[in-house]
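Peer 1: Fold the stuff below for me.
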Amino acid sequence: MRLHWPSAAAEWTEALPVGNGRLGAMVFGGAGRSRVQVNDATAWSGTAVGPAKALADVLASGAGPERLAEVRSAIFGGDLDRATGLLMSFEGPYSQTFLPYVDLWITLPEGESHGRTLDLGTGVVTERLTIDGSEVVRRVWTSETALCVEITGAVPLDVELTTPLREVSRDGLFLVVDIPVDSAPKHEPQVEAPVYGAGERGTVSVKIENGDRWLLTLTSSTTTESLWSGQRHGDHRTLMDACDVRFGELPDVIDVPELLSGKDDQLIASVLFAYGRYLLVSSSRPGAPPANLQGIWNAELRPAWSSNYTININTQMNYWAAEVTGLAECHEPLLQLLDKLAVTGADVARSLYGARGWVAHHNTDAWGWSLPVGMGHGAPSWAIWQMGGAWLVQHAWDHYDFARTWSSLERAWPLLRGCAEFCLDWLVEGPDGYLDTCPSTSPENWFLDEDGTPQALSWSVTMDVALIRAVFERTLALALASGRADPLLAEISAALPRLRPVPVFGGRLGEWAEDVPEEDSTHRHLSHLVSVYPLGQIVAGTPLGDAAVASMNRRGNGAMGWSWAWKMALRARLGDGETVRSLLSEASQAFTGDRHRDAPFDGSEWGGLLPNLFSTHPPFQIDGNYGFTAALAEVVVQSHTGVIDVLPALPTGWSRGSARGLRCRGGLAVDVTWHDGEVLVRLRRLSGDAAEIVPVSINGEVTEVVVSDVVDVRGRISC
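Peer 2: Numbers count the residues shown, from 1 in each chain. You can find the predicted model right below:
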């Protein structure tokens with residue numbers, strides 16, 4: 001798939017992304033002086049000792065198990081204001097920032113740009129220019145180790161390297177920079193940022209070759225790169241070729257401004273599916289940190305929410321598409337971050353809560369930050385939530401569940417076991433005999449107490465219980481698959497039936513354990529529906545599935561990028577293809593507001609797509625792009641119930657399409673083609689048992705097939 005923009009970029013939101021997981025760049029293009037803005041995925045503010053120092057400071061403020069007991073007593077006693085005041089002492093400062101790195105400036109003679117084309121399959125941006133009556137072609141891409149710029153044509157060239165960081169030394173196009181030891185998010189304006197000291201450093205080198213063409217190669221090294229292990233063992237094209245989904249017919253080259261102004265929802269679906277995969281391949285590869293709030297692309301010293309890892313939804317959404325679209329390798333950086341959290345989070349769990357295992361909260365960073373954030377004044381709705389690790393660890397399960405290999409099982413087991421230990425110790429017996437989480441918040445949402453005052457603290461919110469149930473069940477499943485005998489399994493088995501059942505109030509899935517009024521019935525977060533997607537605990541056509549539909553209907557369609565994507569995935573899981581299409585139409589509108597201002601959360605300026613197809617609120621957050629890919633995969637194939645369900649949420653009129661290389665749980669790959677009601681499904685075994693009976697559902701008709709190598713199944717759908 002090739003995407004074309006008819007002109008050079010005038011600003012960052014029009015520039016085009018390239019990357020190899022370690023180096024990312026935004027390509028502006030144009031004749032004269034043009035910019036390539038460069039990031040290094042390992043260039044984060046902070047230090048390795050930062051999380052431990054912050055934990056010591058929090059403990060010194062009086063936080064710990066004894067104060068936790070006071071908080072719980074206040075919550076169960078109904079004194080939520082006192083509980084909130086006590087709990088704020090558990091807040092550390094803030095996680096650290098993913099930073100901009102350098103700018104590569106290339107000056108050519110003035111001329112005319114004929115536009116830029118991004119080839120998603122190769123990751124190359126090509127631009128054709130006319131300079132002094134001659135054609136000049138510029139190509140920009142990332143190799144395994146470098147950013148490359150090739151310019152062909154008889155043209156003089158000037159190159160400059162600048163940095164928004166503190167420059168240490170310079171020798172031509174060899175640059176050494178200081179990386180800040182601390183950088184606060186924009187929502188803490190009273191804190192100076194960035195702060196420099198005896199921190200980490202980075203070096204950048206540009207080499208230039210000149211023969212029949214110019215070739216510039218930019219390489220980077222930082223003192224933190226050794227913290228991330230792993231070798232890239234699949235090139236860009238191989239990863240992109242692993243999977244392809246197309247709705248309807250695709251032209252050879254897609255004009256992006258026309259796409260954004262048109263009404264072809266099948267074409268936009270095809271583009272967004274491929275673009276999300278392209279962005280994940282470009283921003284998440286072994287040997288570097290995982291994709292953050294902006295993937296690997298950031299030009300601001302103080303980006304929104306520090307461009308870090310927000311683990312109450314956003315980081316998870318970044319990786320929803322990894323396994324199902326054949327990008328298991330791209331999942332590895334997130335699993336490495338989990339390894340870090342299992343260490344830093346164990347210290348926090350033991351010291352702060354008197355618990356075994358490991359814990360993470362709302363935010364983390366490349367150093368494995370696991371404390372609550374908020375600086376002692378952050379609202380508990382966004383600063384304090386002990387289930388960040390319990391949600392993030394589901395990715396270790398998914399990595400195993402799709403592959404079903406021994407190595408993926410061994411990768412997942414210690415992470416889930418440690419998280420299960422924390423969950424067991426976090427639960428307390430409630431007044432009615434159930435095991436409760438307390439304190440408990442539904443991320444970023446509020447309810448109204450009896451006086452009509454917004455409150456965040458409660459016990460056993462629906463999301464908490466769903467995540468803990470998943471951790472327990474999946475830990476037991478891993479133990480069974482590996483034949484392990486572990487004393488922790490008896491504890492888990494005893495606790496599981498004592499978790500609170502899913503609440504239903506007025507026919508709707510409840511968000512809190514009690515039937516309390518919502519402050520905002522159309523809130524952007526859908527935390528209580530995590531049991532539908534991604535966990536798959538609640539399925540369509542059941543009483544709880546109907547309650548989930550009613551809850552979704554109350555929330556409404558309007559959203560922002562990532563919320564639209566989650567709503568699309570939820571509707572697809574519930575078999576509602578028409579609402580998926582409606583949400584896609586909303587989410588893919590060209591954003592016409594102020595791209596440079598962070599919009600409020602009230603929905604008055606919810607945005608669609610920026611000129612370069614990045615999803616925006618505003619500000620830009622890449623999770624929407626990744627989430628669209630995952631949601632559209634759910635339209636084509638689902639496998640969470642043990643049945644390969646083909647085209648379970650295909651919108652009416654999408655009568656022709658194809659999918660190649662989608663993955664299903666159990667070590668299977670599936671290809672699907674459909675045309676005017678005729679469906680052909682091809683299943684391929686990638687790993688696991690040599691032969692297995694697999695049920696395949698097409699339009700509700702289930703066929704059991706034995707999959708040992710490759711098998712075809714035919715059926716019909718109404719479209």
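
Peer 1: What segments of the stretch 301-450 of the chain are strands?
Peer 2: 309-310, 363-364, 428-429, 435-436, 447-448 (DSSP state E, counting those that start in this stretch).

Peer 1: Within its sheet, name the partner strands of the third one and how each one runs.
Peer 2: Each strand that strand 428-429 pairs with, and the sense of that pairing, follows from DSSP bridges: strand 435-436 (antiparallel).

Peer 1: Which residues does the partner strand contact?
Peer 2: 427-430, 459-460, 495, 498-500, 513 (C-beta atoms under 8 Å, 6 or more residues apart in numbering). No exception for glycine: its C-beta is placed from N, CA and C like everyone else's.

Peer 1: Buried by neighbour count: which residues of stretch 560-570 qualify?
Peer 2: Buried residues in stretch 560-570, counting neighbours by 16 or more other C-beta atoms under 10 Å, are found at 560-570.

Peer 1: ok, those vs residue 485, which is closest?
Peer 2: residue 569 (37.1 Å; C-beta to C-beta).

Peer 1: In a helix, the closest one, correct?
Peer 2: Yes - using DSSP: H, G, I helix; E, B strand; the rest coil, the secondary structure at residue 569 is a helix.

Peer 1: Show me what the helix or strand that residue 55 is a member of is in contact with.
Peer 2: Assigned by DSSP states H and E, residue 55 belongs to helix 50-60. Residues outside helix 50-60 that contact it (C-beta under 8 Å, 6+ apart): 89-93, 96, 182, 344, 347-348, 351-352, 367-371.

Peer 1: so how far is residue 517 from the nearest residue to residue 550 once chain neighbours are set aside?
Peer 2: Excluding the flanking residues, the one nearest residue 550 by C-beta to C-beta, 6 or more residues apart in numbering is residue 508, at 4.4 Å. The gap separating residue 508 from residue 517 is 13 Å, by C-beta to C-beta, to the nearest Å.

Peer 1: cool, residue 692 as well?
Peer 2: Distance, residue 692 to residue 517, by C-beta to C-beta: 49 Å.

Peer 1: Give me the more crowded residue out of those two.
Peer 2: residue 692 (15 against 10; other C-beta atoms under 10 Å).

Peer 1: which residues in the stretch 101-250 of the chain form strands?
Peer 2: Using DSSP E, counting those that start in this stretch, strands in the stretch 101-250 of the chain cover 102-107, 112-119, 124-131, 134-142, 147-152, 158-162, 166-171, 174-178, 201-210, 213-222, 244-247.

Peer 1: count of neighbours near residue 305?
Peer 2: 21.

Peer 1: right, I mislabeled it, should have said residue 453
Peer 2: Neighbours around residue 453, by other C-beta under 10 Å: 12.

Peer 1: Show me the contact partners of stretch 691-711.
Peer 2: Counting by C-beta under 8 Å, 6+ apart, residues outside stretch 691-711 touching it are 642-648, 666, 668, 679, 681-685, 690, 713, 715-718.

Peer 1: Quick one: residues contacting residue 417.
Peer 2: Residues near residue 417 by C-beta under 8 Å, 6+ apart: 357, 475, 478, 486, 488.

Peer 1: Verify the stated contact: residue 201 with residue 178.
Peer 2: Yes - assessed by C-beta atoms under 8 Å, residue 201 is found in contact with residue 178 at 6.0 Å.

Peer 1: Common neighbours of the two, please.
Peer 2: residue 168.

Peer 1: re the thing from before, considering the contacts of strand 435-436, which possesses the most neighbours?
Peer 2: residue 460 (23 neighbours).

Peer 1: Contacts only, for the closest residue to residue 326 other than its chain neighbours.
Peer 2: Nearest residue to residue 326, sequence neighbours excluded (C-beta to C-beta, 6+ apart): residue 242, at 3.5 Å. Residues in contact with residue 242 (C-beta under 8 Å, 6+ apart) are 325-327, 661.

Peer 1: likewise residue 347?
Peer 2: Counting by C-beta under 8 Å, 6+ apart, residue 347 makes contact with 51-52, 55, 370.

Peer 1: and what of residue 532?
Peer 2: Contacts of residue 532 (C-beta under 8 Å, 6+ apart): 538-539, 545, 548, 570, 573-574.

Peer 1: what about the nearest residue to residue 239 once chain neighbours are set aside, neighbour count?
Peer 2: Among residues not flanking residue 239 along the chain, residue 281 sits closest, at 4.7 Å (C-beta to C-beta, 6+ apart). For residue 281, the neighbour count with other C-beta under 10 Å is 26.

Peer 1: quick one: residue 281 is in a helix?
Peer 2: Yes - Residue 281 forms part of a helix when assessed by three-state DSSP.

Peer 1: Just confirm it contacts residue 243, I think it does.
Peer 2: No - the criterion here is C-beta under 8 Å, and residue 281 misses it with residue 243 at 10.5 Å.

Peer 1: Please export the alpha-carbon coordinates of the helix holding residue 55; PDB is fine.
Peer 2: Provided in PDB are the C-alpha atoms of helix 50-60 (Å, rounded to 0.1, in the frame of the first residue of the first chain):
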ATOM      1  CA  GLY A  50      14.700   7.400  40.200                       C
ATOM      2  CA  PRO A  51      12.000   4.900  41.100                       C
ATOM      3  CA  ALA A  52      13.700   3.700  44.200                       C
ATOM      4  CA  LYS A  53      14.500   7.200  45.400                       C
ATOM      5  CA  ALA A  54      10.800   8.200  44.900                       C
ATOM      6  CA  LEU A  55       9.600   5.200  46.800                       C
ATOM      7  CA  ALA A  56      11.900   6.100  49.800                       C
ATOM      8  CA  ASP A  57      10.500   9.600  49.800                       C
ATOM      9  CA  VAL A  58       6.900   8.300  49.800                       C
ATOM     10  CA  LEU A  59       7.600   6.000  52.700                       C
ATOM     11  CA  ALA A  60       9.200   8.800  54.600                       C
END
